[in-house]
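Enquirer: pasted the sequence and its predicted model underneath.
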Amino acid sequence: MKRSNVIHWLLFVCLAVINFQVSSAGLTSLRGDAAIEAAEPAPPELERFINDKENVDRTFKQQPPLIPHTNEKYTINLRVNKCLDCHMKQPGKDEAKSVEMSESHFMDRAGNKLDHPSGARHFCTQCHVPQIDAKPLVENTFKTVAAN
Ligand code: HEC
Ligand code: HEC
């Protein structure tokens, strides 16, 4: 037998032993008992977006604030940006309805002020994401920037 073949064999035997030990330790994955090939539906709590609750505390200073409402129906494409209906002051619109985007959203890359939202900020959900009302999978003691 060639030397490289012997090494392959040894590796195979080692992996088989490890595999046996892991499966016999009674571990179950977070997906439960589902077979690897099976496409399980997403758990229902992953569909439960928080909606119009209070703003979410920021986790760190430069964090794009999290979206405290659902956003599935707010289209953003080349022509339309539904988010701007509420997050930009516009004549005839109720200004008190929501917080306007910050000044940083009206600047070009060189820091010049613009009279319209910067193209670099057009796709809001590139940075701002909605939140799901789900319990943390594991306990942790993390504190937000406000709590520190
Ligand atoms: C129908 C009006 C409306 C639309 C459309 C809308 N929002 Fe909001 N949004 C609100 C209101 C009201 C709040 C809560 C008050 C506030 O902080 O502005 C809010 C809060 C937020 C906040 C939290 C601000 C903070 O300082 O914590 C973000 C981020 C945000 N929205 C992003 C978006 C994005 C991105 C879209 C488009 C996908 C969008 N919103 C569409 C009304 C709207
Ligand atoms: C490149 C990332 C990025 C994109 C794209 C972006 N934002 Fe932001 N946004 C931020 C960051 C970072 C902050 C917090 C720092 C700041 O205010 O500049 C913020 C702050 C905000 C706030 C809170 C303002 C306040 O005074 O509390 C609102 C509302 C907001 N963005 C809405 C939007 C909307 C609507 C869009 C799309 C038109 C958008 N943002 C696109 C990164 C982004």
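Expert: Received the coordinates, thanks. Ligands and ions are numbered 1, 2, ... in the order given.

Enquirer: going by C-alpha atoms from here, please, whenever you check contacts or count neighbours.
Expert: Will do.

Enquirer: how about low-confidence regions in this structure?
Expert: 1-2, 4, 11-25, 92-97, 148 (pLDDT under 70).

Enquirer: middle-most residue in it, spatially?
Expert: V129 (5.9 Å; CA atoms, centre = their mean).

Enquirer: wait, what's in contact with that one?
Expert: Shown in contact with V129 (CA atoms under 8 Å, 6 or more residues apart in numbering): L66, I67.

Enquirer: any idea how far E100 is from it?
Expert: V129 sits at a distance of 17 Å from E100 (criterion: CA to CA, to the nearest Å).

Enquirer: now do F123
Expert: Taken as CA to CA, the span from F123 to E100 is 16 Å.

Enquirer: which stretches of the chain form helices?
Expert: 3-24, 83-87 (DSSP state H).

Enquirer: elements contacting the shortest one?
Expert: Think helix 83-87. Here helix 83-87 touches no other helix or strand, going by 3 or more CA pairs under 8 Å, 6 or more residues apart in numbering; DSSP states H and E.

Enquirer: and that helix, how far out from the chain middle?
Expert: 21 Å (CA atoms, centre = their mean, to the nearest Å).

Enquirer: skipping adjacent residues, who's closest to C86 in space?
Expert: If you skip the residues right next to it in sequence, C86 has S98 as its closest partner in space, 6.0 Å away by CA to CA, 6 or more residues apart in numbering.

Enquirer: that neighbour is in contact with Q90, isn't it?
Expert: No - using CA atoms under 8 Å, S98 makes no contact with Q90, being 12.0 Å away.

Enquirer: re the thing from before, and the gap between the residue nearest to C86 and V80?
Expert: Applying CA to CA to S98 and V80 gives a distance of 19 Å.

Enquirer: over to A35?
Expert: Taking CA to CA, one finds A35 at 42 Å from V80.

Enquirer: okay, these two: which has more neighbours?
Expert: V80 (12 against 9; other CA atoms under 10 Å).

Enquirer: next up, the contacts around that one.
Expert: Contacts of V80 (CA under 8 Å, 6+ apart): none.

Enquirer: mind redoing it with 10 Å?
Expert: Y74, H122 (CA atoms under 10 Å, 6 or more residues apart in numbering).

Enquirer: now do D57
Expert: P65, L66, K143, T144, V145, A146, A147.
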